[in-house]
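Engineer: sequence unknown, structure follows:
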């Protein structure tokens, strides 16, 4: 189909009719057909000769077009000929005024900031009307309405009523089953707020110093570190034991107290991470030392 349309377009352009080709400065205006129907789109080619460096634009607003409207510009090209330029403009036009008439295409010649209008050769056209010479200029009356075979079935209304009743029974049955299922659902237990875990204390460490030394010494380390962090304002819980000893020295903590803290925390690390298990007397001594440190920084 595309090849056929291209062939038809080529044949149409090859059959272009030159109307009033004689014009000044070598300007020409070519209309594909001098006769066409109302509103029918027809190809046109304009050739304009200008000095080199000037541009040409179609100006469809002038009265010279005589009710011929420019539908669109399809192509524009320019080629030099000596010291002049030949501009070719392909466009599509249409007219909605039936009858024979003359018109002149108008173009604008642009040279820098100056614009001049040029009327091209006069063209003759014949716009054919879609109404024949013997046709009546009247609107024909509409045909009377025709009867359609068939009528409403006598069973239609009873069927609709029966459908409505059945639908109501289905909806009522669905509601009853839904209510019954909801009533049989087990009731949920009342919401209870989760118990907030209390922080480890030295009392808790004392209770498991013999049975769970790892948990007890982990608690001792936590309580001592938390007390030091609250007292001196540094993250004691996230520091290693050597880092904590250096931090206490830079914070101005008494050297004796810093040594006690460092020794106790090293003991805690050995029990928690190295598998060391001190004797019962040593465990109680470490517990008393933790109490002294916490009370000293309170």
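Structural biologist: Sure thing, it's come through. Quick caveat: nothing in here was measured; it's all calculated off a predicted structure.
Engineer: Tell me which strands the strand or helix carrying residue 126 pairs with, and in which orientation.
Structural biologist: In this assignment (DSSP states H and E), residue 126 forms part of strand 123-128. Applying DSSP bridges, strand 123-128 is found paired with strand 35-37 (parallel), strand 99-103 (antiparallel).
Engineer: Tell me which helix or strand comes right after it.
Structural biologist: Downstream of strand 123-128, the next assigned helix or strand under DSSP H and E is helix 156-184.
Engineer: re the thing from before, of the strands paired with strand 123-128, which is nearest residue 179?
Structural biologist: Taking C-beta to C-beta, strand 35-37 is the member of the strands paired with strand 123-128 nearest to residue 179, at 74.4 Å. (C-beta placed from N, C-alpha, C; glycine too.)
Engineer: Following the chain past the closest one, name the next helix or strand.
Structural biologist: strand 42-51.
Engineer: From the contact counts, what lies against the helix or strand just after that following strand?
Structural biologist: Per DSSP H and E, the first helix or strand lying C-terminal to strand 42-51 is strand 55-58. Packing partners of strand 55-58 (3 or more C-beta pairs under 8 Å, 6 or more residues apart in numbering; DSSP states H and E): strand 42-51, strand 68-81, strand 84-95, strand 106-111.
Engineer: What about residue 162, how many residues nearby?
Structural biologist: Here the number of neighbours of residue 162 (other C-beta atoms under 10 Å) works out to 11.
Engineer: so what's it up against?
Structural biologist: For residue 162, the contact set (C-beta atoms under 8 Å, 6 or more residues apart in numbering) is empty.
Engineer: State the three-state secondary structure for residue 186.
Structural biologist: Secondary structure assignment for residue 186 (DSSP: H, G, I helix; E, B strand; the rest coil): coil.
Engineer: 13 is where my numbering starts, stick with that
Structural biologist: Got it, first residue is 13 now, which makes that one residue 198.
Engineer: Tabulate the strands paired with strand 135-140 (CSV), appending distance to residue 129, mean neighbour count and mean pLDDT.
Structural biologist: Below are the strands paired with strand 135-140 laid out as CSV (distance: least, C-beta to C-beta, whole Å; neighbours: other C-beta atoms under 10 Å; pLDDT from 0 to 100):
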stretch, distance to residue 129, mean neighbour count, mean pLDDT
strand 47-49, 26, 15, 83
strand 111-115, 15, 14, 85
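Engineer: rewinding a little: how about the helices and strands packed on strand 67-70 in TSV, adding distance to residue 267, mean neighbour count and mean pLDDT?
Structural biologist: Formatted as TSV, those follow (distance: least, C-beta to C-beta, whole Å; neighbours: other C-beta under 10 Å; pLDDT from 0 to 100):
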stretch	distance to residue 267	mean neighbour count	mean pLDDT
strand 54-63	102	19	89
strand 80-93	96	13	88
strand 96-107	100	18	89
strand 118-123	95	17	89
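Engineer: so which of the ones you listed comes closest to residue 189?
Structural biologist: strand 80-93 (68.4 Å).
Engineer: what angle sits between that closest one and strand 54-63?
Structural biologist: Counting by axes from the mean of the first three to the mean of the last three C-alpha atoms, to 10 degrees, strand 80-93 lies at 40 degrees to strand 54-63.
Engineer: quick one on the thing from earlier: export the helices and strands packed on strand 67-70 to TSV and tack on distance to residue 263?
Structural biologist: Shown next, in TSV, are the helices and strands packed on strand 67-70 (distance: least, C-beta to C-beta, whole Å):
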stretch	distance to residue 263
strand 54-63	92
strand 80-93	85
strand 96-107	90
strand 118-123	85
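Engineer: still on that earlier bit, which one of the strands paired with strand 135-140 lies closest to residue 182?
Structural biologist: strand 47-49 (63.7 Å).
Engineer: who touches that closest one?
Structural biologist: Applying C-beta under 8 Å, 6+ apart, the external contacts of strand 47-49 come out as 54, 107, 137-140, 142.
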